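Structure for this input, please:
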Amino acid sequence: MKTTIELPDDLMVEVKVAAARRRTSLRRFFEAALRRELSARGPKRVQEKPRAFRWTTYPGGLAPGFDVSNREAMYEWFDRHRDRD
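Next comes the predicted model:
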């Protein structure tokens, strides 16, 4: 099967040099590299069902006067409450 992929230029240069040093074609080089990668990952796994996300909530909510919809107001709130700790 033929396919087209885009690779960064510097990577392609490294691949061509490595294939030339091994006296093999690019096709064989890529095939061997892909087979090694696939075998290193072990047997195919059935795709797991995504786990549900659990929200964690705490009573109390935001501090009085803390407005998350206004960045400047948040900074002002931080400035006013910075020295209270």
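
Next, count neighbours for residue 18.
13 (other CB atoms under 10 Å). To be clear about C-beta, it is placed using only N, CA and C from the backbone, and glycine gets the same treatment.

and if you look at the one 3 residues further on?
Residue 21: 8 surrounding residues under other CB under 10 Å.

Distance check, residue 50 against residue 41.
According to CB to CB, to the nearest Å, residue 50 stands 20 Å off from residue 41.

what about those two, which has more around it?
Neighbours were tallied for residue 50 and for residue 41 using other CB under 10 Å; the higher tally belongs to residue 41 (9 against 6).

could you list every residue that touches that one?
Counting by CB atoms under 8 Å, 6 or more residues apart in numbering, residue 41 makes contact with nothing.

and residue 78, how many residues sit next to it?
By the criterion of other CB under 10 Å, residue 78 has 10 neighbours.

Could you check the pLDDT of it?
With respect to pLDDT, residue 78 has a value of 82.

That one and residue 63, how far apart?
Residue 78 is 11 Å from residue 63, by CB to CB.

If you rank every helix and strand of this structure by mean pLDDT, what lands last?
Within the chain, confidence by mean pLDDT, DSSP states H and E is lowest for helix 71-81 among all helices and strands, at a mean of 84.

And the contacts of it?
Contacts to helix 71-81, defined as CB under 8 Å, 6+ apart, come from residues 63, 65-68.

Quick one: the helices in the protein, in order.
Ranges of helices in the chain, per DSSP state H, are 9-21, 26-40, 71-81.

Tell me where the model's unsure across the protein.
42-47, 55-58, 83-85 (pLDDT under 70).

tell me the contacts of the residue most central in space within the chain?
Nearest residue to the geometric centre of the chain (CA atoms, centre = their mean): residue 50, 16.9 Å. By CB under 8 Å, 6+ apart, residue 50 lies in contact with nothing.
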